[in-house]
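Colleague: what follows is a predicted structure for the sequence shown.
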Amino acid sequence: MKLITNIHQLLVTGDFTAPLSGKNMEAMPYLENAYLVIDEDLIYEYGLMEDLHPIAVEEVIDATGQIVLPMWCDSHTHLVYAATREDEFVDRIKGLTYQEIAAKGGGIMNSARTLREMSEDDLYEDALVRLNTAIASGTGAIEIKTGYGLTKDAELKMLKVIQRLRKKVNIPVKATLLAAHAIPENYKTNREGYIKEIVEEMIPAFAKADLCDFIDIFCETGYFTVEEMDTIVMAGAAHGLKAKVHVNQFNSIGGIQKAVALNALSVDHLEELTKADISVLQGSSTIPVALPGCSFFLNIPYTPARSIIDAGLPLAIATDYNPGSSPSSSMNFIVSQACINLRMTPAEAIVAATINGAFAMDVAAETGSITKGKKANLIITKPLPSYNAIPYHFGESQIDTIIVNGGIL
């Protein structure tokens, strides 16, 4: 057993049966002057220092002046990819839009071409380096999408890499089939044929092999329609795959209404959001997810987080880590951005990046909060006056120690 004593603030404490919503996000539960006990890989107990009773432990960590919180839950990434796209970064600096770069063969299609040429082993080794970097910076649960294959064989290669990553690291890793990321070049004049391949070949085969947890689709002007979302998500549901969908990144075209009707676990991006979109989310179980790193990198509008939270809804935040529109795995930066650009309070941002992120990727039963019996995946910060200082120091890690599966990283 390990005992952490004299914790200045112990964040996101308690039992959670649903994500925190509306005003409850600001009322993040936490303890001051606390202790926490780890038994092997699980949180055994926690409480106030004044209530600490004698307990036999092998190691004591004195966290005087430090903050302890659950590791970040990054519920939306594209971590498995073949090559970076810094040339497109320069193109955007020179004035080209994301859509214009895609139209000339860049963007998703660029990543798909390079990934098909790369071996599974090389893809895995590169992805493992990225994943370990994310873990070292505080990510304790992660969702990883396909979508840079766009053929059955290449999408399968990505899923196999994600499966290998899952077996290698001691954090929850969720896999999402995003074959509907773009229409591949060989189907440009036969998009119905590609959707048929996804529905009749990819989804049944990959689900049967237990290679994916979720189904996703890029529902956006120039990519996939609301009707196509209905077809693909329904096919996924028939094979036990919950939906996590890309919607409202550039336009509001009815994707949120359809996603809610299909009982999607989450709707992600939401940079363009109408009052009607917010209204349909109210009363649903679908979790909105903001991706401020993408807005920052592409210089596009930010998700209107205040409107979402003030409407009494939950909100999660994630990195959208990918080579084209958000090439950073730093949840620390995302938490800072949530405060600076989304106008969320530090408490709201921390909740969005921990327990709400856990619910948005269906791992809240095992991580995302300081709860007895959950995984001991923890961040111990440097000495800080309060949790408000975590996002305040943007671009600088305030992490002193990472504990993964009960062991110090």
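Modeller: Looks like it arrived, so ask away.
Colleague: make it CA atoms for all contacts and neighbour counts henceforth
Modeller: OK.
Colleague: can you pull the contacts of the spatially most central residue of the chain?
Modeller: Geometric centre of the chain, nearest residue: residue 75, 1.9 Å, by C-alpha atoms, centre = their mean. By C-alpha atoms under 8 Å, 6 or more residues apart in numbering, the residues touching residue 75 are 141, 142, 143, 317, 318, 319, 357, 358, 360, 361.
Colleague: among those, name the ones in strands.
Modeller: 141, 142, 143, 317 (DSSP state E).
Colleague: surely residue 232 and residue 194 touch.
Modeller: No - counting by C-alpha atoms under 8 Å, residue 232 sits too far from residue 194 to count as a contact (11.0 Å).
Colleague: which strands or helices does the lowest-mean-pLDDT helix or strand in the chain pack on?
Modeller: In the chain, the helix or strand scored least confidently by mean pLDDT, DSSP states H and E is helix 98-103, which has a mean of 81. For helix 98-103, the packing partners by 3 or more C-alpha pairs under 8 Å, 6 or more residues apart in numbering; DSSP states H and E come out as helix 86-93.
Colleague: residue 218 versus the nearest residue to residue 221 once chain neighbours are set aside, what's the distance?
Modeller: Closest residue to residue 221 apart from its sequence neighbours, by C-alpha to C-alpha, 6 or more residues apart in numbering: residue 251 at 6.9 Å. The span separating residue 251 from residue 218 equals 12 Å under the rule C-alpha to C-alpha, to the nearest Å.
Colleague: looking at these two, which one has more neighbours?
Modeller: Remark: of residue 251 and residue 218, residue 218 carries more neighbours, 26 against 16, as counted by other C-alpha atoms under 10 Å.
Colleague: centre of the chain to the strand or helix carrying that one, how far?
Modeller: Using DSSP states H and E, residue 218 sits within strand 214-219. Computed by C-alpha atoms, centre = their mean, to the nearest Å, the chain-centroid distance of strand 214-219 equals 14 Å.
Colleague: can you check stretch 165-181 too?
Modeller: 11 Å.
Colleague: circling back: redo the contacts of residue 75 as TSV? Include distance to residue 51, neighbour count and pLDDT.
Modeller: Below are these laid out as TSV (distance: C-alpha to C-alpha, whole Å; neighbours: other C-alpha atoms under 10 Å; pLDDT from 0 to 100):
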residue	distance to residue 51	neighbour count	pLDDT
141	31	27	98
142	35	26	98
143	38	27	98
317	34	33	98
318	36	32	98
319	38	27	98
357	31	32	98
358	29	29	98
360	34	30	98
361	34	28	98
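Colleague: out of these, who's nearest residue 172?
Modeller: Nearest to residue 172 among the contacts of residue 75, counting by C-alpha to C-alpha, is residue 141 at 4.8 Å.
Colleague: distance check, that closest one against residue 45.
Modeller: Noted for residue 141: a distance of 21 Å to residue 45, by C-alpha to C-alpha.
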